[in-house]
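In: no sequence on this one, just coordinates:
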């Protein structure tokens, strides 16, 4: 029996056809294609053994479809139930609980709210004004203000003063923002993590948004720590497709951002060398998951995650 892999994508142009071609040319009893949807009935069976999700964070209907697909036994990369629950404050707390170095982080109340929310009646549990001096004392200056649910370096501000923090916060609208310690890094690494087993640590410059093809940019000891901590994080989250960013200061890797469950896989971003690696290893992963499915509905008990660092 031929097993089907479905691909949900947005505007990206280079990864989808290359991935589909790579899976199909292997002729291993698994075929890949674009998912086509047009309204979904409740408890509707899903024809796919595996679905790769690259866009449901921007198309809510897709997210609803994928949750039903998990109930039908499909393996979704990445698990839509976990993705829905994740945010940058939660990931900072999770990293700390797991013993992974992470910048000091504070989640802030929204600046604005949807119509119908009365500041006098609906927000009685909120302190006002915010104790900005105490918050800054905790995270330090400079610091980073960013959207707790954002990605792609959108709504990210490096602030040198408290006045800058307040100015950007006052224009954050309905977004939930986090304020985070700024790590003045000596070296920066972005790891591509696949299947909760493979980690490819790539030299990266966040300001330039650029990968560098340099294979010996980490010492053996530091490289092992980066890879081990990356696996610790993606396994806790249950992400089979993710990138984990590390800002390295004085030999210590700090987990800056690891909520990237639909990471950039464009050939112009990754460079042809790393693009080829991603296409081939993504194909390896989905063929493996199609033939040996992992029932994600059984992964929804997160107790192990929350107690991972506690002594028995």
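Out: Ah, there it is. Everything numeric in this text was worked out from a predicted model, so none of it was measured.

In: got the buried residues for the biggest helix by length in the chain?
Out: Longest helix in the chain by number of residues (criterion: DSSP state H): helix 267-291. Neighbour-count burial for helix 267-291 flags 267, 269-270, 274-275, 277-279, 281-287, 289-290 (criterion: 16 or more other CB atoms under 10 Å). Just so you know, the C-beta spots here come from the backbone N, C-alpha and C atoms, and that holds for glycine as well.

In: quick check: domain ranges of this protein?
Out: Domain assignment for the chain by automatic domain parsing gives 3-85, 94-101+185-260, 104-181.

In: For the helix or strand hosting residue 226, buried residues please.
Out: Using DSSP states H and E, the element containing residue 226 is helix 220-237. Using 16+ other CB under 10 Å as the test for burial, helix 220-237 gives 222-223, 225-227, 229-237.

In: By mean pLDDT, point me to the weakest helix or strand of this protein.
Out: One helix or strand of the chain scores below all others by mean pLDDT, DSSP states H and E: helix 303-306, with a mean of 55.

In: residue boundaries of the helices in the protein?
Out: Going by DSSP H, the chain shows helices at 15-25, 60-71, 80-85, 88-97, 132-139, 162-170, 220-237, 267-291, 303-306.

In: if we can go back for a sec, what are the contacting residues of the longest helix of the chain?
Out: 3-5, 14-15, 18-19, 22-23, 26, 28-30, 32, 49-50, 52, 75, 77, 192, 194-195, 198, 200, 202, 209, 211, 213, 240-241, 264-266 (CB atoms under 8 Å, 6 or more residues apart in numbering).

In: in the stretch 101-250 of the chain, which ranges drop under the pLDDT threshold?
Out: Applying pLDDT under 70 to the stretch 101-250 of the chain flags no residue at all.

In: At which residues are the strands of it located?
Out: For the stretch 101-250 of the chain, the strands defined by DSSP state E, counting those that start in this stretch cover 105-107, 143-147, 156-159, 177-181, 187-194, 198-205, 210-212, 241-249.

In: In a markdown table, list these along with distance to residue 171.
Out: As requested, those are exported to a markdown table (distance: least, CB to CB, whole Å):
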| stretch | distance to residue 171 |
| --- | --- |
| strand 105-107 | 18 |
| strand 143-147 | 10 |
| strand 156-159 | 10 |
| strand 177-181 | 10 |
| strand 187-194 | 28 |
| strand 198-205 | 27 |
| strand 210-212 | 28 |
| strand 241-249 | 25 |
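
In: With distance to residue 117 and mean neighbour count as added columns, please give those strands in CSV.
Out: Converted to CSV, these look like this (distance: least, CB to CB, whole Å; neighbours: other CB atoms under 10 Å):
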stretch, distance to residue 117, mean neighbour count
strand 105-107, 18, 19
strand 143-147, 19, 21
strand 156-159, 25, 17
strand 177-181, 17, 23
strand 187-194, 38, 22
strand 198-205, 40, 18
strand 210-212, 42, 14
strand 241-249, 34, 23
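
In: Which among these is found nearest to residue 86?
Out: The minimum distance between residue 86 and these falls on strand 241-249, with 10.3 Å, by CB to CB.

In: Which residues does that closest one contact?
Out: 52, 77-78, 103, 183-194, 199, 201, 204, 206, 222, 226, 229-230, 233-234, 253-258, 260-264, 282, 285.

In: okay, the angle between the longest helix of the chain and strand 198-205?
Out: Going by axes from the mean of the first three to the mean of the last three CA atoms, to 10 degrees, helix 267-291 is angled at 170 degrees with respect to strand 198-205.
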